[in-house]
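Peer 1: When you get a sec, could you give me coordinates for this:
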Amino acid sequence: MTTTPYGKRLPARPDIGHLKKQAKDLLALYRTHDTTSEPTAFERFRAALPAAAGQDDAILIAQGLRLHDAQSCIAREYGFASWADLQGFVTARRAMLDDSGDPARALLHWLGLVYAGDISGGMNRARPAVAVRLLQDNPALLLGDDPYLACAVGDEAVLRQATERDPGWVHRAGGPLRLPPLVAVTHSALLQLPDYRERLRNCARHLLAAGASPDQAVGNRWPPASLQAPDAAHPLSALYGAAGGNRDPELTQLLLEAGADPDDNESLYHSLDRPECTRLLLAAGARITGTNAMYRVLDLDDLATLQLLLAHGGDANEAPGSAPGSEWGSLLLWAIRRRRSPAHIAALLAAGARPDVRTQDGTPARTVALRYGLTEVAQLLQDATEKEGQGSSSSSAPLAPDEAFIAACARGDEPAARAIQAAHPGILGTLAPAQLRLLPELAAAQGCGEAVRTMVHLGWPIETRGGDWDGSALNQAVFRGDAPLTRFLLEHGADWRAMHGFGDNVIGTLSWASINAPVPDGDWVGCAQALVAHGMPSVRPDPEGRDDGAVLLGGTHRSRFSEEVADYLLGVSSQAGARL
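Peer 2: Just a heads-up that it's a prediction; the model follows:
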């Protein structure tokens, strides 16, 4: 059993409930300003949390540490980088113990931590640190000379022995996951760990030297496909594992030098999170058109990589194909909808993007920019349109009253919007559905709180649905963990029962977002506090005591929330019960 620098060891059969209690106990000591324990809560936070290192007690008190901080501290004390990794380890450890009588099943559990679901046949993401910790505690997992398992962990000696016995094995799929050897190496998430990186690269070098094709690939196993029935129409190449999955520039270069085809329809798109890999693919001749890479780079808000794609032939007027922005019709409009900076728009214009593009209903790009509060972008588009000799076109004409009203709202200029509304009574009733959807669209965007507040103050229909998943402004605010905006919308009549496009209400949004944290530093506890104050049903513990974090909402409906949110909701219910 691994011992951490803090001297803490997990038991052979760890219990997540006991670990949760340790975190809550630590938080309670912190909140009572404990100075009697040895070490104190403050000393434990300073020792384990990077953000707390070197901070004195007064500063730590002022930071208002929360349950997730205590959980992170506990996880690090046990040698894990995060609470999620500790939870993953406990779940996997218990599953493997339960499967101890079936070594093959236990091995598949472990491989589901080494490989993401598209390779292992599930909906999981890889957890390499957890996989290594389990292997350290149970080295018998890999006893034997299976070269396909050696590919997963970078055991070059086993690969060389296998090649000496049977040179042809490097061309065949095999092992528990039925992977070609090079795919097994490049898709192993252990590449993300420094101790395994060079080992796996050396395995790839050996396989290529032994004649393995650099274009080895396997059918996607992501559900509804499976390990037993992979989706051959969507192959995942060895290059995709290196450049798009693990984003390892050295391994990407190795495969490209060996002749790997950079146009596998996956690698470039997924490499955009690591521009070093993107540059290598482009230098090798990867095509950009048709991959949706131009649209994704706008989603990522990465100006430098956008410029890189444009410099390598990216079409600034590329049609969207099946990209998320297909209904918007052009990159320029999609950039506006994503509220990208004037520099993004300038880069597209310099690369030939047409400034006079229109939405499907005929709205000029400049008007769309003003609808999203992007006045500098609108000016850029007007200047570009006039430069092309189209200054008299409607795209640069004065705004109609409805668009001037929307533009004032979108930039948070309530006095200007009120003046227009006073001059044109009933103007809200004249707005088209596409214009009304701006309320949830802006609620979904970062930094648009004043625009949303202005719209609501002026009478915008508060339950209008929109955004990527057709939710109300309240749904969008809760999704982002924006507690102040959530509170404002509820105080102005927003209904937590409002449904969104996935067939659930705001409580479902709170459930998913608090667990998955789609926005860094979102305050989902604050959102829960606002919802409770405006009629959210009470919760109580699941009487079946299952260890999936679920609670009973309204007495009957099982719902899951992040531990912090569930802890708050259960505390509120407990306090209410105590008052009765």
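
Peer 1: wait, isn't Ala483 in contact with Ala530?
Peer 2: Yes. Here Ala483 reaches Ala530: they are 6.3 Å apart, a contact under C-beta atoms under 8 Å. Heads up, the C-betas are built off the backbone N, CA and C, glycines and all.

Peer 1: Give the burial count for Ala212, as a bare number.
Peer 2: By the measure other C-beta atoms under 10 Å, the count of residues near Ala212 is 23.

Peer 1: Excluding covalently adjacent residues, which one is nearest to it?
Peer 2: Val170 (4.2 Å; C-beta to C-beta, 6 or more residues apart in numbering).

Peer 1: likewise Leu490?
Peer 2: For Leu490, the closest residue by C-beta to C-beta, 6+ apart turns out to be His534, at 4.3 Å.

Peer 1: Contacts only, for the one you found.
Peer 2: His534 sits next to 490-491, 496 when contact means C-beta atoms under 8 Å, 6 or more residues apart in numbering.

Peer 1: Quick one: the helices in the stretch 1-150 of the chain, in order.
Peer 2: 16-31, 41-48, 57-63, 67-77, 83-98, 103-114, 117-120, 128-137, 147-153 (DSSP state H, counting those that start in this stretch).

Peer 1: picking that back up, restricted to buried residues, select the contacts of His534 in ChimeraX.
Peer 2: This is how ChimeraX selects the buried members of the contacts of His534, with burial counted by 16 or more other C-beta atoms under 10 Å:
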select :490,496
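
Peer 1: Closest to Gly219 out of the contacts of His534?
Peer 2: Trp496 (42.9 Å; C-beta to C-beta).

Peer 1: wait, doesn't the closest one sit right on Gly535?
Peer 2: Yes. Between Trp496 and Gly535 there is a contact at 6.7 Å, judged by C-beta under 8 Å.

Peer 1: where do the contact lists of these two overlap?
Peer 2: What both Trp496 and Gly535 touch, as defined by C-beta under 8 Å, 6+ apart, is an empty set.

Peer 1: Mind listing residues that contact stretch 446-464?
Peer 2: 339, 373, 408-414, 417-418, 421, 428, 436-440, 442-443, 472-474, 477, 480, 482, 484-485, 488-489, 492-495, 498.

Peer 1: can you give me the end-to-end distance of that stretch?
Peer 2: End-to-end distance for stretch 446-464, by C-alpha to C-alpha, to the nearest Å: 19 Å.

Peer 1: Equivalent analysis for stretch 46-62, please.
Peer 2: Stretch 46-62: ends 14 Å apart by C-alpha to C-alpha.

Peer 1: Need the residues that contact that stretch.
Peer 2: 6, 30, 33, 39, 42, 45, 63, 65, 69, 72-73, 76-77.

Peer 1: Quick one: mean pLDDT over that stretch.
Peer 2: Per-residue pLDDT values over stretch 46-62 give a mean of 91.

Peer 1: Distance from the chain centre to it, please.
Peer 2: Centroid separation for stretch 46-62 versus its chain: 28 Å, with C-alpha atoms, centre = their mean, to the nearest Å.

Peer 1: Could you list the buried residues of that stretch?
Peer 2: 46, 48-49, 52, 55, 57, 60.

Peer 1: Stretch 459-469 now?
Peer 2: In stretch 459-469, counting by 16+ other C-beta under 10 Å, buried: 460, 462-467.

Peer 1: if we can go back for a sec, neighbour count: Ala483 and Ala530, which is higher?
Peer 2: More neighbours surround Ala530 than the other of Ala483 and Ala530, with 25 against 19 (other C-beta under 10 Å).

Peer 1: In three-state terms, label that one for me.
Peer 2: helix (DSSP: H, G, I helix; E, B strand; the rest coil).

Peer 1: Please look at Asp261 and Ala238 and confirm they touch.
Peer 2: No. Contact criterion C-beta under 8 Å: Asp261 and Ala238 do not qualify, at 10.4 Å.

Peer 1: neighbour count winner among the two?
Peer 2: Ala238 (32 against 17).

Peer 1: distance of the more buried one from Pro249?
Peer 2: 15 Å (C-beta to C-beta, to the nearest Å).

Peer 1: and which of the buried residues of stretch 459-469 is nearest Gly121?
Peer 2: Gly467 (32.4 Å).

Peer 1: Find residues that contact each of Asp261 and Ala238.
Peer 2: Asp215.

Peer 1: Pro176: which of the buried residues of stretch 459-469 is nearest?
Peer 2: So of these, ranked by how close each gets to Pro176 (C-beta to C-beta), first place is Gly467, at 41.6 Å.

Peer 1: ok, back up a step: you'd agree the residue nearest to Ala212 is in a helix?
Peer 2: Yes. The assignment for Val170 by three-state DSSP puts it in a helix.

Peer 1: Would you mind confirming that it is in contact with Gly211?
Peer 2: Yes. Counting by C-beta under 8 Å, Val170 does reach Gly211; the two are 6.0 Å apart.

Peer 1: between these two, who's got more neighbours?
Peer 2: Neighbour count, other C-beta under 10 Å: between Val170 and Gly211, Val170 has more, with 22 against 11.

Peer 1: which residues does the more buried one contact?
Peer 2: If you count contacts by C-beta under 8 Å, 6+ apart, then Val170 has 163, 181-182, 207, 210-212 around it.

Peer 1: Write the ChimeraX selection for whichever of those are buried.
Peer 2: To isolate the buried members of the contacts of Val170 in ChimeraX, using 16+ other C-beta under 10 Å:
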select :163,181,182,207,210,212
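
Peer 1: average pLDDT across the helix or strand where Glu386 lies?
Peer 2: The secondary structure element spanning Glu386 is helix 375-387 (assigned by DSSP states H and E). Per-residue pLDDT over helix 375-387 has a mean of 93.

Peer 1: now that helix, how far from the centre of its chain.
Peer 2: 33 Å.

Peer 1: How are the strands of the stretch 451-580 of the chain distributed by residue range?
Peer 2: Taking DSSP state E, counting those that start in this stretch, the strands of the stretch 451-580 of the chain run over residues 539-541, 550-553, 557-560.

Peer 1: May I have the second one exported as CSV, CA atoms only?
Peer 2: It stands for strand 550-553. The C-alpha atoms that make up strand 550-553 are tabulated as CSV, following Å, rounded to 0.1, in the frame of the first residue of the first chain:
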residue,chain,number,x,y,z
ALA,A,550,-28.2,11.2,-4.6
VAL,A,551,-30.8,12.8,-2.4
LEU,A,552,-34.6,12.8,-2.6
LEU,A,553,-36.0,16.0,-4.0
